[in-house]
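Enquirer: Fold the following.
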Amino acid sequence: MDDFARRIRIGAVSYLNTVPLVWGMLHGEERSAVDLSFSIPSLCAQRVEEGLLDVGLVPVAEIARQGLTIVSDFGIAATGAVRSILLVSRVPFSQIRTLAADASSRTSVQLARVILRERYGATPVIHSEQPDLLQMLRGSDAALVIGDGALRIEPETLPYRCLDLGTEWYALTGLPMVFAAWAGPSTRDDSPIRQLTRRSYLFGQNQLPEIVEAEYRQRGISRALAQQYFDQFIQFALGPQHRAGLDAFLELAGLQKATLVASSR
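Expert: Numbers count the residues shown, from 1 in each chain. Model prediction:
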């Protein structure tokens, strides 16, 4: 049977920033071509590794570790502030010795290591916890919270120091930060997936007001923040500058760049 005669098994991340990418798979013509499932980033990566998914929206640290191929020109990125990846600290950043990280994170943990080392000279011990900010800070100097949980935090109201890791990355490198991309095994013909992910995103891009209205309440944030998140923080189309930022991140994180070979358009 041809590999694409059946539905493509696609895994996405269950955060707000994923929704425009999969809107066509949920509500457009792409529905009939995919078997779409949602999970946290670490589990999405694991399901690709176990062969339970053909393609996933995989954290870039996991793409490198697994030797996957980026199969689309779309993903999750930011140039400057990202708003949904926050490092909250009880102590000055240079004095962080222990960091509790959201258990769902992969790339963000590596990014936190890079930022704390390169900008603040800190090399903390990092351990995983459930994303409860107050509980995380009870036993650690700092906490890393990502995704919708970070969006529900209002940094300016916290009695703690707070870093937006997108802002910190841009200050360090002057480049965009790519957090996740559509990726799968290098043995696949990726041209149908490349077209499918593009159509799905373009369908979502044209319906962003509807997406905001449908999603903000269930994410526990305001309509204004959801709109601002899409308008000002998150980027989806990945160009040459994003690839340069990705390469810089992999180098600073000590990951393998050679495994990331995106197909030509």
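Enquirer: what are the ranges of the strands in the stretch 101-250 of the chain?
Expert: In chain order, the stretch 101-250 of the chain shows strands spanning 125-129, 142-146, 161-164, 177-184, 235-237, with DSSP state E, counting those that start in this stretch as the criterion.
Enquirer: would you turn these into JSON lines with mean pLDDT and distance to Cys44?
Expert: For the C-beta atoms, the positions are set from N, CA and C on the backbone; glycine is no exception. Rendered in JSON lines, the data for these read as follows (pLDDT from 0 to 100; distance: least, Cβ to Cβ, whole Å):
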{"stretch": "strand 125-129", "mean pLDDT": "95", "distance to Cys44": "16"}
{"stretch": "strand 142-146", "mean pLDDT": "97", "distance to Cys44": "13"}
{"stretch": "strand 161-164", "mean pLDDT": "98", "distance to Cys44": "23"}
{"stretch": "strand 177-184", "mean pLDDT": "96", "distance to Cys44": "8"}
{"stretch": "strand 235-237", "mean pLDDT": "98", "distance to Cys44": "17"}
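Enquirer: Show me what the lengthiest strand in the chain is packed up against.
Expert: When the chain is parsed with DSSP state E, its longest strand is strand 69-78. In this structure, strand 69-78 packs against helix 19-27, strand 55-59, strand 177-184, helix 191-205, strand 235-237, helix 240-253, with contacts taken as 3 or more Cβ pairs under 8 Å, 6 or more residues apart in numbering; DSSP states H and E.
Enquirer: let's see 6 Å
Expert: Taking 3 or more Cβ pairs under 6 Å, 6 or more residues apart in numbering; DSSP states H and E as the contact definition, the neighbouring helices and strands of strand 69-78 are strand 177-184, helix 191-205, strand 235-237.
Enquirer: Who are the packing partners of the helix or strand just after it?
Expert: Heading C-terminal from strand 69-78, the first helix or strand you meet, by DSSP states H and E, is strand 85-89. In terms of contacts (3+ Cβ pairs under 6 Å, 6+ apart), strand 85-89 is packed against strand 142-146, strand 161-164.
Enquirer: any idea which of those is most buried?
Expert: Between those, the one whose residues have the most neighbours on average, counting mean count of other Cβ atoms under 10 Å, is strand 142-146 (a mean of 27).
Enquirer: Where does the prediction get shaky in the stretch 101-250 of the chain?
Expert: Judged by pLDDT under 70, the stretch 101-250 of the chain has its weakly predicted residues at 187-189.
Enquirer: Select, out of the helices and strands packed on strand 69-78, the one closest to Gly245.
Expert: Ranking these by distance to Gly245, with Cβ to Cβ as the measure, places strand 177-184 first at 5.6 Å.
Enquirer: Now for Ala171, how many residues are close by?
Expert: When neighbours are counted by other Cβ atoms under 10 Å, Ala171 registers 11.
Enquirer: just use 24 as the starting number from now, easier for me
Expert: Done: numbering now begins at 24, and the last item shifts to Ala194.
Enquirer: Give me the distance between it and Tyr252.
Expert: Computed as Cβ to Cβ, to the nearest Å, the Ala194 to Tyr252 distance reads 21 Å.
Enquirer: partner strands of the longest strand of the chain, parallel or antiparallel?
Expert: Next to strand 92-101 in the sheet, as set by DSSP bridges, lie strand 200-207 (antiparallel), strand 258-260 (antiparallel).
Enquirer: List the residues that contact the closest residue to Asp187 other than its chain neighbours.
Expert: Of all residues not flanking Asp187 in the chain, Ala104 sits nearest, at 4.9 Å (Cβ to Cβ, 6 or more residues apart in numbering). For Ala104, the set of contacting residues under the criterion of Cβ atoms under 6 Å, 6 or more residues apart in numbering consists of Asp187, Gly189, Thr190, Phe256.
Enquirer: now swap in Ala204 and tell me
Expert: The neighbourhood of Ala204, defined by Cβ under 6 Å, 6+ apart, consists of Ile93, Gly98.
Enquirer: How much space separates it from Thr220?
Expert: Using Cβ to Cβ, we find Ala204 at a distance of 10 Å from Thr220.
Enquirer: Single out the most deeply packed of the strands paired with strand 92-101.
Expert: The highest mean neighbour count among the strands paired with strand 92-101 belongs to strand 200-207 (a mean of 28), with neighbours defined as mean count of other Cβ under 10 Å.
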